[in-house]
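Peer 1: got a predicted model here, sequence first, then my questions.
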Amino acid sequence: MTAEFDQLVAEFEAFQARIHNVDDRFEQLAGMSSELASLEVSSSSPDRSVTVVAGPGGSVLDIRLTEDALRLGAQRLGATIMSTLQDALADAARQQAGIVQEYAGDEAPVLDQVLETQAEVLGVPVEELREKVRPRGDENSDDGDDGDDGDDGEPPVLRDSFSVRSGTDHSSGDSYLRNLSDDEED
């Protein structure tokens, strides 16, 4: 009877350990979900006249233009916005894949797949892209290319600039951008 009892106790303890492991996984998933939801990546054009803030899943959270950007002309401004937008979205995808990779471990090579795809599309070596993935806990690092002053993780609001933040009222800059596209359609 003692051997049977010991067997039952061992099975019960193994069952409790599996339940504990499932609880740990749910906690990890909640942490990953929270990190992904708060992801914001900022990218600025080389002349710093355009800044785009991208979020998870390809979302565009903000576009900031300086007065200098408005003097670029419709074609150059459009090209600058598109280039900066692509940079921000690609960086956000890398950061998002990095977060998922940290939680998934070696079970799923998510980050490698994203980096390989971007390397092929952008014509950039995988290792160069890998260097741009910030380690977890370093989201606010000042890497020198996003206008961040290193104090609060947010790029500084540039003097003589305006922002078109998604979900906000239309600004004069938003009107200007709408007028640009209206002018091109005529």
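Peer 2: On my side now, so go ahead. Residues are numbered from 1 along each chain as shown.
Peer 1: contacts and neighbour counts: CA atoms only from here.
Peer 2: Noted.
Peer 1: once you drop chain neighbours, what's closest to R134?
Peer 2: The shortest distance from R134 to any non-neighbouring residue, by Cα to Cα, 6 or more residues apart in numbering, is to Q95 (6.9 Å).
Peer 1: residues touching that neighbour, list them.
Peer 2: L39, V133, R134 (Cα atoms under 8 Å, 6 or more residues apart in numbering).
Peer 1: ditto for E40
Peer 2: By Cα under 8 Å, 6+ apart, the contact list for E40 reads V53, A54, G55, P56, L61, A92.
Peer 1: just the element for the nearest residue in space to the first one that is not next to it in sequence, please.
Peer 2: When you say that, I think you mean V53. Nearest-residue entry for V53: S42, 4.3 Å, with adjacent residues in sequence omitted and distances by Cα to Cα, 6+ apart. Of the helices and strands defined by DSSP states H and E, S42 is found in strand 41-44.
Peer 1: in its sheet, what does that strand sit against?
Peer 2: Counting by DSSP bridges, the strands paired with strand 41-44 are strand 50-54 (antiparallel).
Peer 1: low-scoring stretches of this protein, by residue?
Peer 2: By pLDDT under 70, the low-scoring segments of the chain are 1, 20-24, 26, 135-186.
Peer 1: biggest helix in it, by residue count?
Peer 2: Longest helix of the chain, by residue count under DSSP state H: helix 2-37.
Peer 1: now do the buried residues in it.
Peer 2: Using 16 or more other Cα atoms under 10 Å as the test for burial, helix 2-37 gives M32, E35, L36.
Peer 1: quick one, what contacts the second one?
Peer 2: With contact taken as Cα under 8 Å, 6+ apart, E35 is in contact with I99.
Peer 1: how far away is it from I19?
Peer 2: Note on E35: its distance to I19, by Cα to Cα, to the nearest Å, is 25 Å.
Peer 1: over to the first one?
Peer 2: As for M32, its distance to I19 is 20 Å (criterion: Cα to Cα).
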